[in-house]
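>>> below are the sequence and a predicted model for it; my questions follow.
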Amino acid sequence: MEAQVVIFELEGVLYAIDILQVQEIMRYMEVTPVAESDYCTEGIINLRGQVIPVVSLARRLGLPEKAPGQDTRIIVVEVCGKKSGLIVERVLEVGSYSEGELEQHTDLGVKAPFLKGVLKKEKIWLLLNLDQVA
């Protein structure tokens, strides 16, 4: 059975998230900062009348942040019934994978709670665990 994922890039590394958790992908828009919010929370946006928090995914993963550019996108995801936006450098494609292409990160000796696993494609895709990220 094949599963579909949205592939995006941060710092030259390809990440994947389950397409079933993606609500939409939108161009970067100005985010309203909220005082004393979580370090990784960039702020909030108004998405068609619904206020949602926006997270700097680079900051959450401990990566260097880049200023938003022409390719910067906000991926709106839903996790446990709550919507949030994830800022990414650029979205590349919708891809698919089979179970045989998924390597559990624990099998690799990698301790990264934000990872569900590694997808072995032409290039490696790191499959994110949105429960730990969003």
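That came in fine, so what should we check first? Numbering: from 1, shown residues only.
>>> does the spatially most central residue of the chain belong to a helix, a strand or coil?
Per CA atoms, centre = their mean, the C-alpha nearest to the average position across the chain is that of residue 86, at 5.5 Å. The three-state label given to residue 86 by DSSP: H, G, I helix; E, B strand; the rest coil is strand.
>>> which residues does it bridge with?
Note on residue 86: beta-bridge partners by DSSP bridges are residue 55, residue 75.
>>> shift numbering so it begins at 421
Shifting the count to begin at 421 puts that one at residue 506.
>>> wasn't residue 551 part of a helix?
Yes. Membership of residue 551 in a helix is supported by three-state DSSP.
>>> that one and residue 500 touch, don't they?
Yes. Counting by CB atoms under 8 Å, residue 551 sits close enough to residue 500 to count as a contact (7.2 Å). Every residue, glycine included, has its C-beta placed from N, CA and C.
>>> which residue of these two possesses the greater neighbour count?
residue 551 (12 against 7; other CB atoms under 10 Å).
>>> contacts only, for the residue nearest to that one when sequence neighbours are not counted.
Residue nearest to residue 551 in three dimensions, not counting chain neighbours: residue 499, with 6.0 Å by CB to CB, 6 or more residues apart in numbering. Residues in contact with residue 499, defined by CB atoms under 8 Å, 6 or more residues apart in numbering, are 441, 550, 551, 554.
>>> many thanks, we can stop here.
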